[in-house]
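# please work out how this folds:
(one chain, ligands or ions: 2)
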Amino acid sequence: EVATVHARQVLDSRGNPTVEVEVELGSGARGRAIVPSGASTGSHEALELRDGGSAYGGKGVTQAVAHVNGELAAAVRGLEASHQELIDQTLCDADGTPGKTRLGANAILGVSLAVARAAAAERDLPLYRYLGGVGAHVLPVPLMNVLNGGVHADNALDCQEFMIVPLGAASFGEALRWGAEVYQALRGVLRARGLATTVGDEGGFAPALQATEEACAVLVAAIEAAGLRPHRDVALALDPATSELFEDGAYHFKGEGRRLDADGLCAYWSELVRHFPIVSIEDGMAEEDWDGWAQLTAQLGDRVQLVGDDVFVTNPERLAEGIRRRVANALLVKVNQIGSLSETLQTMALATRQGYACVVSHRSGETEDTTIADLAVATGCGQIKAGAPARTDRVAKYNQLLRIEEELGDAARFAGPAAFRLGQW
Ligand code: PGA
Ligand code: ZN
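Ligands and ions are numbered 1, 2, ... in the order given. As a prediction, the model looks like this:
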């Protein structure tokens with residue numbers, strides 16, 4: 001059972017404070033977890049509790065840390081660590097609000113994940129096997145964000161993320177190699193065009209490009225320069241994060257000087273998908289634009305994976321609403337949007353039951369914590385979004401997947417194109 005719970009404030013990849021939690025069980029087994037943090041957050045996410053005031057520009061998390069060391073530690077002390085649902089329910093009850101606004105989702109999630117790690121350690125199991133059982137053997141296709149824009153970079157790209165998707169590889173290890181090779185080729189392509197190769201929050205390059213089409217064309221050139229086939233070997237995925245562009249009922253593409261309504265945006269994505277090997281578009285409509293979302297899904301849903309991030313915020317009720325309205329065909333999974341492991345798994349189970357694909361995701365503010373790598377294998381969801389194949393906060397997840405693939409040996413299977421559920425490839 002849970003013996004001690006201790007939290008401290010540490011830093012994330014952007015240099016902002018976040019919560020780290022350590023749990024020790026009666027048996028002596030220990031678990032540790034660090035909570036990530038978003039920048040283009042959905043407005044319906046559970047609350048990330050920040051101190052305000054002057055230290056760390058108001059971004060301190062000492063109150064959340066105090067809540068872990070006080071109320072939350074007291075609530076779970078003595079509980080059986082392997083009863084994850086009971087642990088998480090107890091944490092949620094201690095908070096008592098639907099959005100985890102009193103104690104903070106960052107406090108609650110830290111305890112939730114650290115308890116899971118301790119319970120796995122007690123059984124001497126890797127986390128993916130503890131959570132996923134002996135059948136967990138599917139390695140996810142990585143969606144690697146190699147060009148950063150939007151609020152993740154200082155350039156004029158409206159679209160936040162341009163990802164390469166090495167879905168044609170035979171193994172995760174090969175997919176990662178292809179991703180890294182395209183990333184290095186991309187550096188060369190950008191240099192040759194006189195563009196900067198400095199990087200954004202998720203390790204992708206942040207060149208002074210403006211148009212979405214231009215960025216996609218640069219990626220196709222990089223895939224070819226790496227000696228790979230666009231589409232068949234390495235496809236593209238976009239996260240335009242359009243909630244950030246939506247204002248007064250319209251979508252404002254400032255870098256491109258375009259203003260579109262939902263109709264226009266649907267036509268725009270259709271056109272883009274015709275010209276580039278795009279297999280997935282995330283948040284192609286804004287979080288409150290349910291009608292636009294339904295229209296986009298009706299128009300493109302049989303050809304492209306349409307991922308709901310801000311619109312669903314890993315929340316089972318938001319997802320259920322989306323299912324009712326026939327919105328999207330895939331769920332983006334961010335543990336800190338909902339704030340506990342059990343609720344995350346519950347939302348993923350709902351998605352899976354309804355035929356939605358799941359993409360386990362990092363946040364733009366990350367750490368050395370690799371929980372999402374294990375979560376992707378445990379659930380066998382087939383896709384992970386963890387940034388560029390560069391920068392330690394990003395490659396920590398990919399490296400963990402290499403370890404898992406090696407450990408599984410012959411039993412390991414790479415999810416491949418089938419993960420995108422778009423029929424024949
Ligand atoms: P965030 O962005 O982590 O900054 O919220 C990631 C995303 O929109 O997918
Ligand atoms: Zn997103």
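# all strands for the stretch 101-250 of the chain, in order.
Along the stretch 101-250 of the chain, the segments classed as strands by DSSP state E, counting those that start in this stretch run 138-139, 141-148, 161-165, 235-239, 246-247, 250-253.
# wait, which of these is closest to L300?
Among the strands of the stretch 101-250 of the chain, strand 235-239 comes nearest to L300, with 12.1 Å by CB to CB. Quick note: C-beta positions are derived from backbone N, CA and C, even for glycine.
# any regions of the chain where pLDDT drops low?
423-425 (pLDDT under 70).
# middle-most residue in it, spatially?
Geometric centre of the chain, nearest residue: S361, 1.6 Å, by CA atoms, centre = their mean.
# and the host helix or strand of T347, what other elements does it pack with?
Remark: T347 resides in helix 341-353, with elements defined by DSSP states H and E. Judged by 3 or more CB pairs under 8 Å, 6 or more residues apart in numbering; DSSP states H and E, helix 341-353 is in contact with helix 84-95, helix 105-122, helix 316-324, strand 330-333, helix 335-338, strand 357-361, helix 371-379.
# any idea how far ligand 2 is from the residue nearest to the residue nearest to the centre of the chain when sequence neighbours are not counted?
In space, and not counting its chain neighbours, S361 is closest to K385: 4.3 Å by CB to CB, 6 or more residues apart in numbering. Separation of K385 from ligand 2 (CB to the ion, to the nearest Å): 8 Å.
# ditto for G110
G110 sits 22 Å away from ligand 2, going by CB to the ion.
# same thing with V68?
Distance, V68 to ligand 2, by CB to the ion: 27 Å.
# so what's that residue closest to, chain neighbours aside?
V68 sits nearest to A7 (CB to CB, 6+ apart), 3.6 Å away.
# elements contacting the helix or strand hosting that neighbour?
A7 is part of strand 2-11, with elements assigned from DSSP H and E. Packed against strand 2-11 by the contact rule (3+ CB pairs under 8 Å, 6+ apart) you find strand 17-25, helix 62-67, helix 73-76, helix 105-122.
# that one: how far from the chain's middle?
24 Å (CA atoms, centre = their mean, to the nearest Å).
# check stretch 249-256 too.
That offset, for stretch 249-256, works out to 24 Å (CA atoms, centre = their mean).
# for it, output the C-alpha coordinates as CSV.
The C-alpha trace of stretch 249-256 is given here as CSV (Å, rounded to 0.1, in the frame of the first residue of the first chain):
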residue,chain,number,x,y,z
GLY,A,249,-16.7,33.1,-36.0
ALA,A,250,-13.8,33.1,-38.5
TYR,A,251,-10.4,31.5,-39.0
HIS,A,252,-7.6,34.1,-39.3
PHE,A,253,-4.5,32.9,-41.1
LYS,A,254,-2.4,36.0,-40.4
GLY,A,255,0.9,34.8,-41.8
GLU,A,256,-0.9,34.0,-45.1
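# what does it contact?
Contact with stretch 249-256 is made by 149, 155-158, 210-212, 242, 245-246, 258-262, 264-265, 286, as judged by CB atoms under 8 Å, 6 or more residues apart in numbering.
# filter the residues you listed down to the buried ones, PyMOL style.
Buried residues among these (16 or more other CB atoms under 10 Å), as a PyMOL selection:
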select buried, resi 149+155+157+158+210+211+212+242+245+246+258+260+262+265+286
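# residue in the stretch 101-250 of the chain nearest to ligand 2?
D239 (4.4 Å; CB to the ion).
# that residue bridge partners, please.
Beta-bridge pairing for D239 (DSSP bridges): E161.
# in contact with it, which residues?
145, 159-161, 163, 281-283, 307, 309.
# same thing but 7 Å
160-161, 282-283 (CB atoms under 7 Å, 6 or more residues apart in numbering).
# contact partners of the one helix or strand C266 maps to?
According to DSSP H and E, C266 maps onto helix 262-275. Where contact means CB under 7 Å, 6+ apart, the residues beyond helix 262-275 that reach it are 212, 251, 260, 278, 281, 284-285, 289, 291-292, 295-296, 299-300, 303-304.
# narrow the residues you listed to those in helices?
Here DSSP state H is the test, and the contacts of helix 262-275 give 212, 291-292, 295-296, 299-300 as lying in helices.
# may I ask which two of the residues you listed are separated the most?
Within the ones in helices among the contacts of helix 262-275, T212 and D291 form the most distant pair, 22.9 Å apart (CB to CB).
# I'd guessed H152 sits against D201; true?
Yes: when contacts are counted by CB atoms under 7 Å, H152 is listed as touching D201 (4.2 Å).
# list residues touching both of these two?
In contact with both H152 and D201: 39, 364, using CB under 7 Å, 6+ apart.
# ligand 1 versus the closest residue to L306 other than its chain neighbours, what's the distance?
Spatial nearest neighbour of L306, chain neighbours left out: A328 (4.7 Å); criterion: CB to CB, 6+ apart. The spacing between A328 and ligand 1, counted by CB to the nearest ligand atom, to the nearest Å, is 14 Å.
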